[in-house]
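[1] sequence unknown, structure follows:
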């Protein structure tokens, strides 16, 4: 048959193996899987050829053909980057003739019944294209797919599968950084896709496939959206899709509008009135799935305009203010949706419906439109927050509360605090509402009010929580901790926000101090609650309780530090209990690791707070031995369970290590007695390249420990420096760690002083290489936000390392060893000055370092004077303009100016 001609006869008959691999009988299934694995290993090329032959042979059972496609796809792609790279290399090693035969079989199979097999083939086509198109192979793919679309008479099943393939191919191309498809190919793809979207397309399935494909192709359509006629036509067919008879097409068409808004915001003005009409009609009258996507369009626009607002003058395009313009008309539409709750949905954190979507959109609009939203929402709130006319009126009370909570972020605190103060008695009473949904949303709203409007340390914020209303607030929240578990979790969050609002003003005492102990006690009780009826995936009560305790401790005033200190043995006891938890299976180990990580996080917070006050440090010293013993035991447990604990082992190790750092800061030189016991874990963390977060945390804690113990770290210094230098040069080490290692060199130099001298030449070489890399990356970073962020991290590491060397080494040693690097540092500063957008921290660190060179190395003023007019001077001007006279870096600017003036 014709299909078989596309692929060579199979090296082995796979039909039976594929079907048996799905057999319910474990023995049959296992044997088939073993045979498939053996065949794949022994004859990889023949294995792929046999799968392609199976896929393109219409005489084979549809199920075996579909399975052949899935197995073939899984041999071309993987989620894990390393495995994916290995699969790509293996495919590239297959004989070119066989690869061509497999590709031909795929194109043939795309035209063959049944439809479910075609759908699988479309996926495989895209996976092969993702490998071959960037290598300028399979040039016949796009023309072949275009031929399917233009064939007469049209075959709707083939057109549908072809459009699916085009969509998948575009999705794969979008994941690549390089432009793979030529403008001509993109134009061909878009023409075919848009033709399939036409209202005249007789097949709903084909039209749906076309709309879905356009979502993936949109970002390639720059040229087409730049042409008014083409843009008009694309927008016309997309808008027609939003009113198609098939709800699936309506859903995907609105989703297309999201993509268009995100990619071509500046082209939207001529179409906004029509889009507004379509979305409002869908929100009001259409099925919920369609309404959700219509609301999501406006949420997408909110996100985009928020980003433009944050970028300000640096934004690449004009903010058209669509959201502010539509606010008077859209707010009422969204408020109507808030009463479409599902009974019991408040217990399921994953639920998403029209009410949730509308409330989320309303909150985003409040952030964009600010004060304008408040008068449009408040009549709905005041008219319904206490409604009690019938059994279903809980919906109105909940909706009013949800609306209120949604708009507390965005409008100015001065315009909202008075309203919230008036509403607070209603909200506190609503915590006793007979309906749990209302209580749940009320607790959420109270928490939001505290989060955005309660900041006692900020003079620009009118006081929301006062001595008069605080006792009632605390009482209601304490009682709320005993409510249904999903409500109690919201109450924990509200308590955390209440405490955080006092953190800025806490000193000797705080308004929260009289309630500190009782709140902590109730939260500890909350942490012990279980919830056997909780939905799968919902967060556990202890997570919320411990985070609230963390916020309470961070905000603790000095007069409550005795209570903070007494919490340490409570949590050490809880850590001890975790070692008795069952841990024989990966799931059990994960739960144990999660609990240990949370508890270590609280211990870290306790140590950090106590370390800030003399009486707190004294309390910490009482428990230091117990704390260190518990943390070492946790790290030992994490290491022992690493084989079956998955990411949980890494996470708990990271949390425990950070708690060690907090303890070291708190007890200072007395931490030296723990070094011999801790060092194996420090070393293990530094060589743990696979779990890079652990390695990163260890680098940070290393500097804390060295700062605490000073010269007592001497016996371990040589090996640690060797490990740090090795990590810098290793390709196996995650790049996020390397800037932190450079910063660590500076911290170590500051602490060790003259004793760091023997490492200076090695560190200088590392810094010189890092500067070269950073300067080389600067051009790419100008067009890539991620690259810019990383380059700024790298710059900070370099600058902090050099500052530590200049400040930490004795003056004579610094001058003799670092003087050759000053011209390189000056060039590096000029590279930073050439950025289009400055990173404030980087600029300030660069100016500080330049000042360090002038105060440490003789003759730097002359060098700077000779380099007047170069880019580095712009950094000084920027700092001077930002700070003015008497600013934070005035000393640095004066030091540099003085050195230049003296040499002139």
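    Cool, the structure landed. None of these values were measured; they are calculated from a predicted model.

[2] ok, and the closest non-adjacent residue to residue 515?
    Spatial nearest neighbour of residue 515, excluding adjacent residues (CB to CB, 6 or more residues apart in numbering): residue 474 at 4.8 Å. From N, CA and C alone the C-beta is placed, and that goes for glycine too.

[3] repeat that for residue 276.
    Once flanking residues are discounted, residue 276 sits nearest to residue 326: 6.3 Å by CB to CB, 6+ apart.

[4] from residue 757, how far out is that neighbour?
    66 Å (CB to CB, to the nearest Å).

[5] kindly report the same for residue 211.
    Separation of residue 211 from residue 757 (CB to CB): 68 Å.

[6] the two: which is more packed in?
    Shown here are residue 211 and residue 757; by other CB atoms under 10 Å, residue 211 has more neighbours (30 against 18).

[7] mind naming the longest helix for the protein?
    helix 614-640 (DSSP state H).

[8] where in this protein is pLDDT low?
    The chain contains residues with pLDDT under 70 at 1-11, 177, 346-347, 506, 532-538, 640-649, 884-887, 904.

[9] can you pull out the helices in the stretch 1-150 of the chain?
    15-20, 26-42, 44-55, 62-74, 81-92, 96-109, 115-132, 141-150 (DSSP state H, counting those that start in this stretch).

[10] one more: the stretch 801-904 of the chain?
    Under the criterion DSSP H, counting those that start in this stretch, the stretch 801-904 of the chain carries helices at the ranges 811-818, 822-833, 840-856, 860-866, 873-883, 890-903.

[11] distance to residue 696 and mean neighbour count for the ones you listed - can I get that in CSV?
    Putting the helices of the stretch 801-904 of the chain into CSV (distance: least, CB to CB, whole Å; neighbours: other CB atoms under 10 Å) gives the following:
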stretch, distance to residue 696, mean neighbour count
helix 811-818, 27, 16
helix 822-833, 24, 20
helix 840-856, 19, 21
helix 860-866, 34, 18
helix 873-883, 29, 17
helix 890-903, 30, 17
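
[12] right, and the ones you listed - which one's nearest residue 539?
    In terms of CB to CB, the element of the helices of the stretch 801-904 of the chain nearest to residue 539 is helix 840-856, at 33.3 Å.

[13] now do the contacts for the residue lying closest to residue 28 once chain neighbours are set aside.
    Closest residue to residue 28 apart from its sequence neighbours, by CB to CB, 6+ apart: residue 20 at 5.3 Å. By CB atoms under 8 Å, 6 or more residues apart in numbering, the contact list for residue 20 reads 28-29, 31-32.

[14] redo that, cut-off 7 Å
    28-29, 32 (CB atoms under 7 Å, 6 or more residues apart in numbering).

[15] re earlier: and of the helices of the stretch 801-904 of the chain, who's closest to residue 379?
    Here helix 840-856 is closest among the helices of the stretch 801-904 of the chain (CB to CB), at 42.7 Å.

[16] other SSEs contacting the closest one?
    helix 785-808, helix 811-818, helix 822-833, helix 860-866, helix 873-883, helix 890-903 (3 or more CB pairs under 7 Å, 6 or more residues apart in numbering; DSSP states H and E).

[17] residues contacting it, please?
    792, 795-796, 799-800, 802-803, 806-807, 811, 814-815, 822, 825, 829, 832, 860-861, 875-876, 878-879, 889, 892-893, 895-896, 899.

[18] can you count the residues close to the spatially closest residue to residue 819 that is not a sequence neighbour?
    Nearest residue to residue 819, sequence neighbours excluded (CB to CB, 6+ apart): residue 857, at 5.0 Å. When neighbours are defined as other CB under 10 Å, residue 857 has 21 of them.

[19] and if you look at the one 10 residues further on?
    The number of residues packed near residue 867 is 17, by other CB under 10 Å.

[20] what do you get for residue 785?
    Neighbours of residue 785 using other CB under 10 Å come to 8.

[21] show me this protein divided up by domain.
    Per the TED database, the domain ranges recorded for the chain read 268-341+352-406, 412-531+538-557, 749-903.

[22] how about the ones you listed, which one is nearest residue 41?
    Across the domains of the chain, closest to residue 41 is domain 749-903 (CB to CB), at 37.8 Å.

[23] so who does residue 442 touch?
    Shown in contact with residue 442 (CB under 7 Å, 6+ apart): 401, 427, 430-431, 433.

[24] actually residue 741, sorry about that
    Neighbouring residues of residue 741 by CB under 7 Å, 6+ apart: 699, 724, 727-728.

[25] distance to residue 763 added to those residues, as CSV?
    What follows is the contacts of residue 741, written out as CSV (distance: CB to CB, whole Å):
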residue, distance to residue 763
699, 15
724, 9
727, 13
728, 10
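
[26] any chance of CSV for these, columns neighbour count?
    Converted to CSV, the contacts of residue 741 look like this (neighbours: other CB atoms under 10 Å):
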residue, neighbour count
699, 25
724, 24
727, 20
728, 21
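
[27] which residues in the stretch 651-800 of the chain form helices?
    Counting by DSSP H, counting those that start in this stretch, the helices of the stretch 651-800 of the chain are 675-686, 692-709, 714-729, 737-752, 760-781, 785-808.

[28] residue 622 is nearest to which of those helices?
    Smallest distance to residue 622 across the helices of the stretch 651-800 of the chain (CB to CB): 17.6 Å, for helix 692-709.

[29] got the angle for that closest one vs helix 785-808?
    If you take axes from the mean of the first three to the mean of the last three CA atoms, to 10 degrees, helix 692-709 sits at 20 degrees to helix 785-808.

[30] flag every buried residue along helix 692-709.
    Neighbour-count burial for helix 692-709, counted by 16 or more other CB atoms under 10 Å, picks out 692-709.

[31] so what secondary structure elements neighbour it?
    Using 3+ CB pairs under 7 Å, 6+ apart: helix 692-709 touches helix 647-667, helix 675-686, helix 737-752.

[32] show residues contacting that helix.
    650, 653-654, 657-658, 660-661, 664-665, 668-669, 671-672, 675, 682, 685-686, 688-689, 713, 720, 734, 736-737, 740-741, 744, 747-748, 751.

[33] out of the helices of the stretch 801-904 of the chain, which is closest to residue 622?
    Closest among the helices of the stretch 801-904 of the chain, using CB to CB: helix 840-856, at 37.9 Å.

[34] now do the closest one against helix 785-808, angle only.
    Note on geometry: by the same axes, to 10 degrees, helix 840-856 and helix 785-808 are set 20 degrees apart in direction.
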